[in-house]
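In: just coords:
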């Protein structure tokens, strides 16, 4: 174990950049270093953590489980360090959210707005009574809200972000099936054939009737019947609660609604991709103390949500 005097805290800054950018080149550009210098720094980080940190997957690099576990903590340490040197902090280098008067706009789907947004609202009322939250849904098209400044933070599966966007993974969720209690599908083993034979409802803000589930079923020579498409997770679960239709939800994201509606979740017998839930923001807010506080609140709330389990 390294002594405190031998620790190089610059490695934390570099590790944060590597995990945020997901590449040596991106991290080097962010920290204004050469790619070889950043590569050498990654080697030092790997040695210090005794972990590869980033490994190649095809043409990209992906974080190891250990790196994902550390990402939130590293980001929080770096943000707190930056706040000491950022204008807007108090005379003692701290930031007091209790004196803040500001409106933050969060962009997310309804599952995150209710899952994280409501918890965030309660925290804001306690810690920063002068702050207001504007929670708005994702639109049907590609969003430029962060770049344009109409949103302060985006929550969700952040796919194809603008090159300058900062992205921090919060947790990874699992796709599960969901039905009402007493549904016939729950009687016996939920095989791929029985799953495909059921009538389904799908949640899609674009109104799509087909998706990854259908593609995977087709690879097995199976096809399901999607009776309806509804725009949000909440509406999906409400439909499931009152019908014999089968829906899909995130195990962690849908946990609150599933419990309140008395629904049952189950493992879908397909190799569905995980749901990497992240928060994203424009670099203009990277060192803003108030925005750093907001991101820290979201990060801590995401941790508190904890892992959920299927109910059957």
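Out: Noted; the coordinates are in hand. The structure presented is a predicted model; accordingly, all values stated were derived computationally and were not measured. Numbering: from 1, shown residues only.

In: List the residues that contact residue 177.
Out: Applying Cβ atoms under 8 Å, 6 or more residues apart in numbering to residue 177 gives the contacts 190, 195, 246, 247, 248, 265, 266, 267, 268. Bear in mind the C-beta positions are built from the backbone N, C-alpha and C, glycine included.

In: And residue 42, by the same measure?
Out: 14, 18, 24, 53, 54 are the contacts of residue 42 under Cβ under 8 Å, 6+ apart.

In: Just the buried subset of the contacts of residue 177, please.
Out: Buried members of those, counted by 16 or more other Cβ atoms under 10 Å: 190, 195, 246, 247, 248, 265, 266, 268.

In: and the residues you listed, which of them are in strands?
Out: Among the buried ones among the contacts of residue 177, DSSP state E puts 247, 248, 265, 266 in strands.

In: how about those in TSV, adding distance to residue 28 and pLDDT?
Out: Formatted as TSV, these follow (distance: Cβ to Cβ, whole Å; pLDDT from 0 to 100):
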residue	distance to residue 28	pLDDT
247	44	97
248	40	95
265	43	96
266	45	97
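
In: Which residues does the lowest-mean-pLDDT helix or strand in the chain contact?
Out: Of all helical and strand segments in the chain, the minimum by mean pLDDT, DSSP states H and E falls on helix 65-84, at a mean of 80. By Cβ under 8 Å, 6+ apart, the residues outside helix 65-84 that reach it are 9, 12-13, 15-16, 19-20, 49, 51, 53-54, 63, 89, 93-95, 168-170, 172, 287, 289, 292, 295-296, 299, 302-303.

In: Now, those that are in helices?
Out: By the criterion of DSSP state H, membership of those in helices covers 12-13, 15-16, 19-20, 49, 289, 292, 295-296, 299, 302-303.

In: What distance do you get for the residue nearest to the spatial centre of the chain to residue 223?
Out: For the chain, residue 277 is the residue whose C-alpha lies nearest the centre (Cα atoms, centre = their mean; 1.7 Å). Distance of residue 277 to residue 223, given as Cβ to Cβ, to the nearest Å: 30 Å.

In: same deal with residue 108?
Out: Taken as Cβ to Cβ, the span from residue 108 to residue 223 is 32 Å.

In: and these two? which has more neighbours close in?
Out: Using other Cβ atoms under 10 Å as the criterion, residue 108 and residue 223 rank with residue 108 on top: 22 against 12.

In: That one: what's it in contact with?
Out: Neighbours of residue 108 in contact, by Cβ under 8 Å, 6+ apart: 116, 117, 135, 137, 138, 154, 155, 156.

In: surely residue 120 meets residue 301?
Out: Yes. Look at residue 120 against residue 301 with Cβ atoms under 8 Å: they come within range, at 5.9 Å.

In: Out of the two, name the residue with the larger neighbour count.
Out: Using other Cβ under 10 Å as the criterion, residue 120 and residue 301 rank with residue 120 on top: 23 against 18.

In: Secondary structure element holding that one?
Out: Take DSSP states H and E as the rule and residue 120 turns out to sit in helix 118-127.

In: Can you get me a residue count around residue 118?
Out: A count of nearby residues for residue 118, using other Cβ under 10 Å, gives 14.

In: Model confidence score at it, please.
Out: Per-residue pLDDT puts residue 118 at 87.

In: sorry, back to before: tell me the buried residues in the least confident helix or strand of the chain?
Out: 67, 70, 71, 72, 74, 75, 76, 77, 78, 79, 82, 83.

In: Beyond it, next helix or strand please.
Out: Assignment by DSSP H and E places the next element after helix 65-84 at strand 102-108.

In: Looking at that following strand now, give me its mean pLDDT.
Out: 91.

In: Same question for stretch 297-306.
Out: On average, stretch 297-306 scores 86.

In: ok, and what's touching that stretch?
Out: 72, 75-76, 115-116, 119-120, 123-124, 127, 153, 155, 168, 170-171, 252, 255, 277, 279.

In: ok, now with 7 Å
Out: 72, 76, 115, 116, 119, 120, 123, 170, 171, 252, 279 (Cβ atoms under 7 Å, 6 or more residues apart in numbering).

In: What is the nearest of those to residue 35?
Out: Proximity of these to residue 35 (Cβ to Cβ) peaks at residue 72, which lies at 26.3 Å.
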